[in-house]
Every structure is written in structure tokens, then in C-alpha cells.
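> got a predicted model here, sequence first, then my questions.
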Number of protein chains: 2
Amino acid sequence: MAQRSSKSATIIEVARQAGVSPATAGRVLGDYGYSSPEVQEKVRAAAAALGYRPNRLAKGLITGKTQTIGVVVGDIESPFYASVLRGIADVARGSGFGVIVTNSDESAEREREAVQLLLEKQVDGLIVSSTCVGDPGHLQAAISSNCPVVQFDRVATDLETDTVVIDNVAITRAGVTKLIEAGHRRIGILAELAPGKDKDLAGFVAQADPSDPDLYKHYPSWQRLLGYVEAYRQAGIEPDIELIRRVPTYASAAARKEALDLLTMRDAPTALFTADGLMSTGALQAISALKLAIPADVSLICFDDLDWMQFVAHGITAISQPTHLIGTSAAELLLQRIGGNASASQHRVLAAHLVERGSIAVCPEEVSG
Amino acid sequence: MAQRSSKSATIIEVARQAGVSPATAGRVLGDYGYSSPEVQEKVRAAAAALGYRPNRLAKGLITGKTQTIGVVVGDIESPFYASVLRGIADVARGSGFGVIVTNSDESAEREREAVQLLLEKQVDGLIVSSTCVGDPGHLQAAISSNCPVVQFDRVATDLETDTVVIDNVAITRAGVTKLIEAGHRRIGILAELAPGKDKDLAGFVAQADPSDPDLYKHYPSWQRLLGYVEAYRQAGIEPDIELIRRVPTYASAAARKEALDLLTMRDAPTALFTADGLMSTGALQAISALKLAIPADVSLICFDDLDWMQFVAHGITAISQPTHLIGTSAAELLLQRIGGNASASQHRVLAAHLVERGSIAVCPEEVSG
DNA sequence: TTTCGCGTTGTGAGCACTAACGTTACTCGT
DNA sequence: ACGAGTAACGTTAGTGCTCACAACGCGAAA
């Protein structure tokens, strides 16, 4: 019989109803310590009769554990983050954990506020794709107060946390190499390449070196650019800086604009590489607006395998990230830490793979040449 | 100077450091009651020095408010729910609230578990798109324990809650009417039409009546079917039950299969209406596999305006839901309730609109006929 | 019988914080 | 001059629960 009243029953009322002490009732309901079968039955019956619902706040206050993990992502609306979050939520649910989600909107300040809020809510751990890998003081603060952190996608390396990433450089190199093998020499690349508008793109490309611990390399889009440059160098070609397009604001409209510009320039590229889902959407808008055919007029490889890539044109060749697995891995690592695992930081590098479809044609100039 | 130690400082330590009582420190830091400027400064200085971070659990335990709202959706990975969630999160953040998200996977049992967990965590309110509109006992329990509930998309009408929905019947009727006006007489419809596999589809269509308070009408996909049927009847045509396809499992692969079947049947439809994003994706897969051209071979209207609909073929005409607004509205209504608003339930019906693109052609048979 | 140990239960403290109330000092109006 | 009002602060109790500890009974081992 459920309780009708507005205030729900406490464990003390259950105990009184069952004729035992609150501690005993707690032992039965909380499933710890000792209790005899007879008492268990009495307590459970009383709890059911009163519609007792444990108050996890009180429990958390005393145990120091809330069974809640906090997640900070750029934007849950993005398919990438949504899928990662789904993975996290699945693992969390399996262990009786709740998940508090916050969007940083790629703003360092919002991210800090979010982390602060989550810590005040006493989350047991944090999963973060940090906007500010160069200034992770807020994450360090979390770790210092015994709140383990797992980073994914973007990682601040001078932070002692578990991490889950994919090998952006290698998979991008593989993808761009496919285009080069098809004879393409002028391959445009569309990437966010945040933060730091002042960053010297030409300098970065010139001295591109995967072993260099440059801060910008911690951002996936810069890593993907690195893979792009490496693919060129491996083929003995020098990349043309004109073909590397930085999208000033992280939105498909901006990507579309940049793609339009790229595709209508003098000596336009014969192929395109897009560094993430938003870039892909923008590129497709531009290609559609220009009434170009894929792959007859322009070849294409997209980072992130979105739903529509299997049926647009003759299928879009894409790099597929194991998004769900990123989420489950991050959550599993975090739960291990919460469970007390104090071993050295684990760094998981998951495999992305190329989904070959019909968006790569042999370069016409190659054919005629 | 931030604290290095693992346990963070409490308000008592701050008070001691500042030379005041815990209550006074609480008043300063919690911004309630009275306190002199001098004391405020001392306390704030002490708090900063100790790296004090308020414990919201303790605060919540005593005030009965956690500044947290719980959200239950089918699947955060779906663009619809992701966008609604984004709206909720935006409003929540603006008011200093956290958001705990859970997926029900369209399972009534999981939904009940999720609600139970959220109530145990003492959320101040719940936003739910319920799977089990016919058996909302768990939601009634929430309301009874003073936890306001706002429903969106799907609503259990015999529950006294605020609701946020769109007018599925009207907008679908408008969309299908466009197809009929273009001369199409055989329009296939792809819809989930859960729950109740035993539900008599033919009977539902035969007696389709928008004023009938049938349980199934509370589900958007059934409502959309109703709009479809009404569009036919308004045009003086009787819908062909063969063209109404129920997708047995809610996945794009199943939708694809059903669409393939539909498009290759004898007397195949000349146009298609898809009742949500997953159906649209499945339909496009089928159309692509059959190498049909849109709209030359088949016209199309899709419910839910997904990213790719602006650049696929000549653009896909779509029904666009104000997803973000659904989320913000639901969150605003909930925050009002949490704030103490006890007026009668509000039922918001938001406007969806038709985004006309290039996926509707005049029916060829109409032209020749 | 004594001693030990174990299962079982109750008692009391305390987690970090806020609300209610009491006390003090001070101001103001008449 | 005196009561009322108010600002500022402290004391205390209480939020719902868990944990350490003590106490007790009972059977087995010494």
C-alpha cells in the first residue's frame, strides 16, 4: 500500500512500525551488517506498507558516496557526444549510478562552472571532454578532492587521469592516403582547429611532427590535420596551405561557407576531407548548392559516420568512431577508480575504422594526365 | 590558495578560521539572513583560503530541495530527445539546476526503475516522455510525494501534470494533404505504432475519430496515423490499409525492410510519409538501395527535420518540430511548479511546421491521366 | 563451569548544513 | 525615558541515514 501523504516515510517510521531499532531497519533495507530472517521480513513488510523510499541524500552525506557521476561535454545535441553519453549512461545504469549531464558549449568558463556544480553535488567521479586542455585547474581540483576524472576525446596530458581516445592521426592518414592513391593531389580539408585563432597554421604544418608535444595536438581536429599532412608527406607531396580551411565558428553554416569558398576557388580541390560531423554537414550543403556530383565532381571522406552517409549519393566513405564504446570504456574506467582502483593511469586508444563506400573516384586529371 | 588535502573544508572549519559561528558563516556563504560587511569579508576570505566548496547534499537534506531535475527519455541518442534534452539543460543551467538523465529504451520497467532512482535522489521535479501512458502509477507516486512532473511528446492524460506536445494530427494532415494535392492517391506511411502489437489497425483506421479518447491516440505515431487518415477522408478517398506499414521493432533496419517491401509491392505507392526520424532513415536506405529518384520515382514527406534533409536529393520536405522549445517549455513549466506554482495544469501545444523542399513531384499517373 | 566467538540487536555519535529561536546592541519615535 | 523594532550573531536542534561500539544470548570448545 503506497503512502498518500506528501512527505514520504523515513527509516525511523519503518523501524517503529516493524518494532525494531532504526539501525536494524537500516541494516535490512541497506543490505549491510547482520539481521535475522524474521526481522528482515518484518522490516520489509513495514517498508512496503509505508511506501518507504530511501533518501540517498542522507546516505550520501554519511558514506561520502552519491552513486552519481558527472559528465561534461561540449553539446549533447551533437551525435558524437550523444552516443558517448549513451554508452556512459548504459554502464552507469548497470551499476545503479545516476548521470548528471552538462554542456560546456566549448566555453572554458562554463566548463569550470559545470565542474564546480558537479563537485558541490558530490558526484563520485567525472567524465569530461575538456575545452581547456591547457588550463585544467578545475579538473586538478576535482582529483585533489578525491573525485576521479576520466577524460575522452580531448585530453589535458599534464593531468593524472585515465583517458579514452582514438588514434586520430593514423586513421586520418589512412583515409587521406586513400584519396591520394586514387590520384588526388589537391585535397581540401575542413576542420575546426580551435582554440587559438592566432595559432600559426603555416608553422604548424611546416613543422608537423607527431612526436612533438605541442598543446594543439591534444585537440582532435589538429590531430586530424596532422594525419592529413602526414599522408601528403608520405606520398612525397607538400600540402598546399590554401587547401586547409579553418572554420571560424563551430557551426555547419560556417563550414558550408568555407566549403563553398574552397570548391569555387581557382584550382579547386578534386577531393575533400571533413574533420567531423558538423564539417561534413556543411560540406554536403555546399556540394548540394553547387550541384556537384559525388564522386564524379568531387571525392569525399568524412570523419564520423553519420546516419545519412550510407544513402547519400553512392554512399559516403567515412571514418567511424566507436562512440558508444568510448562512453562505456570511460564509464568502466571511472567506476573502477570509484571502486578504489589506485593503479597508474590507464590510457585507452580505441580503433576507428574506415567505412568504404562510393564517394571516392579516380581523379580525372590523373586519368587524362 | 586551494586545499591540497583529500577531504575538502566544511563550513565549520571556515567559521573557525574566520572566528565566527558556523551559522554566521552559513549566512554569509549561503546568502541568507543578516551579516555585516566586515564579517562577510572575513568569512569569504577564510572560505577562499581553505578552498571551501559547499556540500549540496547536506543543504538538500535540510531544505528538501536538491536543485536537480530528473529526465526520462526513450533514448538520448535520438536527435529528437537529444535536442529536447538540450533545451531542458539550457533552462536548468540558467537557474542553477543540474539534470540527471536516464534512458528508458521504451521499456516500462526501466522507466519505473529510473523514476524510482530519481525520486530516491530527491530530485525536485521530473520531465518524462513516458513509455507507459496507460499505467502511470510511478508518476502518480512522484506527484503524491510532492515531486512535480511535466510530460512531453507522450502524455498519460489521466495524470494531473503539465504537458508539452505538438499537434501531430493537424500537421500530419497538412503534410499528407500536400501529397494528395500533388495528385498522389497511393501514399505509403511508415510508423512505429507501438505499443500493442495486437491492436486492430484496420479497426483503428475504420473508426478513426480525433475526439475519441482512445489510449493509442496518446502516442504520437498513432496521432500521425490519424492525421494521415483524416487527410484522405477530407479528400474524399478511403485509405488503403495495405499502404499503412507498422514497423515491428523500433530501428532503422526494420523500417528499411518495411519500406523495401512497400516500394516493391504490386501497385506500389507513388509517395511516402515517414512518421519519425528512424522511419525516415530506413526509408531513405530503401529508396537508395532500389536506386529510386526523389521525387521523380517517389515523393516523400518526413516527420522530423533532420540535418541531412536539406541536401539529400533536391531537399526533403519535412515536418519540423520545435524540439529545443519543447525542452525549454517543459523545463520552464517544471521550474514554476518547483517554485511553488500550484495553479491548474497547463497544457502547451506547440506549433510544428512544414519545411517545403524538393521531394514532392506531381504524381505521374495524374499527369498522364 | 568458564571462556571464547559469533550472530544479532540497540545506542549514540555524527555527516554538513540550515532553520528556528534567543540574545544582545543599537536606533527611532513619542 | 521607554517600548518597539531591527540588525547581527550565537546556540541548539534537527535533516535521514550509517557506522563504531557495546551488549546480549547462545552454542561450542577448553
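That came in fine, so what should we check first?
> would A:T172 count as being in a helix?
Yes - membership of A:T172 in a helix is supported by DSSP: H, G, I helix; E, B strand; the rest coil.
> do you know the pLDDT at the closest residue to it other than its chain neighbours?
Among residues not flanking A:T172 along the chain, A:G227 sits closest, at 2.8 Å (C-beta to C-beta, 6 or more residues apart in numbering or on different chains). Where you see a C-beta, it was placed from the backbone N, CA and C, and this is true even at glycine. Per-residue pLDDT puts A:G227 at 96.
> and A:G227, how far is that from DNA strand C?
Separation of A:G227 from DNA strand C (C-beta to the nearest atom of the strand, to the nearest Å) stands at 47 Å.
> return the distance of the strand or helix carrying that residue from the chain's centre.
Per DSSP states H and E: A:G227 is located in helix A:220-234. Mean-position distance between helix A:220-234 and its chain equals 20 Å (C-alpha atoms, centre = their mean, to the nearest Å).
> ok, how many other residues are close to the nearest residue to A:Q67 once chain neighbours are set aside?
Once flanking residues are discounted, A:Q67 sits nearest to A:F97: 5.1 Å by C-beta to C-beta, 6+ apart. Residues lying near A:F97 (other C-beta atoms under 10 Å in any protein chain shown) number 22.
> A:F97 and A:K65 touch, don't they?
No - at 10.0 Å, A:F97 and A:K65 do not qualify as touching, with contact defined as C-beta atoms under 8 Å.
> so is stretch A:50-57 next to DNA strand D?
Yes - Stretch A:50-57 reaches DNA strand D (C-beta under 7 Å from any atom of the strand) through A:Y52, A:P54, A:N55.
> low-confidence regions, chain A specifically.
Filtered on pLDDT under 70, chain A yields the residue ranges A:1-6, A:198, A:365-369.
> pop the domain breakdown of it in here.
As assigned by automatic domain parsing, chain A contains the domains A:11-54, A:67-165+A:323-351, A:168-321+A:354-368.
> give me the neighbour count for A:R86.
A total of 20 residues lie near A:R86 under the criterion other C-beta under 10 Å.
> and A:R266, by the same measure?
For A:R266, the neighbour count with other C-beta under 10 Å is 5.
> again, but for A:G340
6.
> if I look at A:K7, how far off is A:D135?
Applying C-beta to C-beta, to the nearest Å, the value for A:K7 to A:D135 is 45 Å.
> which residues in chain A form helices?
Using DSSP state H, the helices of chain A run over residues A:11-18, A:22-30, A:37-50, A:56-63, A:79-94, A:108-120, A:137-144, A:168-181, A:201-206, A:220-234, A:252-263, A:277-289, A:323-338, A:364-368.
> any chance of the ones you listed in TSV, plus distance to B:H218?
Listed next are the helices of chain A as TSV, based on distance: least, C-beta to C-beta, whole Å:
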stretch	distance to B:H218
helix A:11-18	36
helix A:22-30	36
helix A:37-50	31
helix A:56-63	32
helix A:79-94	26
helix A:108-120	35
helix A:137-144	43
helix A:168-181	46
helix A:201-206	55
helix A:220-234	43
helix A:252-263	35
helix A:277-289	34
helix A:323-338	31
helix A:364-368	56
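> return the most buried member of these.
helix A:277-289 (a mean of 24; mean count of other C-beta atoms under 10 Å in any protein chain shown).
> ok, that one near chain B or not?
Yes - under the criterion of C-beta under 8 Å from any C-beta of the partner chain, chain B is reached by helix A:277-289 at A:T281, A:L284, A:Q285, A:I287, A:S288.
> chain center to that helix, what's the gap?
Computed by C-alpha atoms, centre = their mean, the chain-centroid distance of helix A:277-289 equals 22 Å.
> any figure for the gap between A:E332 and chain B?
Here the criterion is C-beta to the nearest C-beta, to the nearest Å. By it, A:E332 lies 18 Å from chain B.
> got the contact list for that residue?
Applying C-beta atoms under 8 Å, 6 or more residues apart in numbering or on different chains, we find A:E332 in contact with A:V91.
> if I look at it, how far off is A:V101?
Counting by C-beta to C-beta - A:E332 and A:V101 are separated by 18 Å.
> got the phi and psi for the residue lying closest to A:L215 once chain neighbours are set aside?
Spatial nearest neighbour of A:L215, chain neighbours left out: A:G134 (5.4 Å); criterion: C-beta to C-beta, 6+ apart. Main-chain torsions, A:G134, degrees, to the nearest 10: phi -90, psi -10.
> might you report the residue contacts of A:G358?
A:P295, A:A313, A:H314, A:G315, A:I316, A:T317.
> what about the first one, how many residues nearby?
This points to A:P295. 23.
> rewinding a little: what is the nearest of the residues of stretch A:50-57 next to DNA strand D to DNA strand D?
Taking C-beta to the nearest atom of the strand as the measure, DNA strand D lies nearest A:N55 of the residues of stretch A:50-57 next to DNA strand D, at 3.5 Å.
> distance check, the closest residue in space to the closest one that isn't next to it in sequence against B:I88.
The shortest distance from A:N55 to any non-neighbouring residue, by C-beta to C-beta, 6+ apart, is to B:Q122 (6.4 Å). Applying C-beta to C-beta, the value for B:Q122 to B:I88 is 18 Å.
> show me which residues of chain A are close to DNA strand D?
Applying C-beta under 7 Å from any atom of the strand, we find that chain A lies next to DNA strand D at A:7, A:10-12, A:22-23, A:26, A:29-30, A:32, A:52, A:54-55, A:58-59, A:61-63.
> 6 Å - rerun?
Chain A has residues A:10-11, A:22-23, A:26, A:30, A:32, A:54-55, A:58-59, A:61-63 near DNA strand D, with proximity defined as C-beta under 6 Å from any atom of the strand.
> neighbours of the closest residue to A:R357 other than its chain neighbours, just the number please.
In space, and not counting its chain neighbours, A:R357 is closest to A:G315: 3.0 Å by C-beta to C-beta, 6+ apart. Using other C-beta under 10 Å, A:G315 has 17 other residues around it.
> quick one: contacts for A:G315?
Taking C-beta under 8 Å, 6+ apart, we find A:G315 in contact with A:M309, A:R357, A:G358, A:S359, B:S288.
> residue of the stretch 251-369 of chain A closest to DNA strand D, please.
A:G340 (13.8 Å).
> then the stretch 151-300 of chain A?
Distances between the stretch 151-300 of chain A and DNA strand D by C-beta to the nearest atom of the strand are smallest at A:D162, namely 25.7 Å.
> ok, the stretch 101-250 of chain A next?
A:Q122 (12.6 Å).
> quick one: that residue and A:I62 touch, right?
No - with contact defined as C-beta under 8 Å, A:Q122 does not reach A:I62; the gap is 11.6 Å.
> what about A:S35, distance to A:I12?
17 Å.
> do A:P79 as well
To A:I12, A:P79 is 48 Å away according to C-beta to C-beta.
> and if you look at A:P195?
54 Å.
> how about A:H314, what does it touch?
Contacts of A:H314 (C-beta under 8 Å, 6+ apart): A:I294, A:P295, A:R357, A:G358, A:S359.
> same check, this time on A:I166
Neighbouring residues of A:I166 by C-beta under 8 Å, 6+ apart: A:Q321, A:P322, A:I326, A:V349, A:L350, A:A351, A:A352.
> bridging residues for it?
A:L350 (DSSP bridges).
> separation between it and B:Q151?
39 Å.
> same thing with A:S345?
A:S345 is 44 Å from B:Q151, by C-beta to C-beta.
> looking at those two, which one has more neighbours?
B:Q151 (27 against 13).
> and the more buried one, how far is that from A:L243?
Distance from B:Q151 to A:L243, by C-beta to C-beta: 51 Å.
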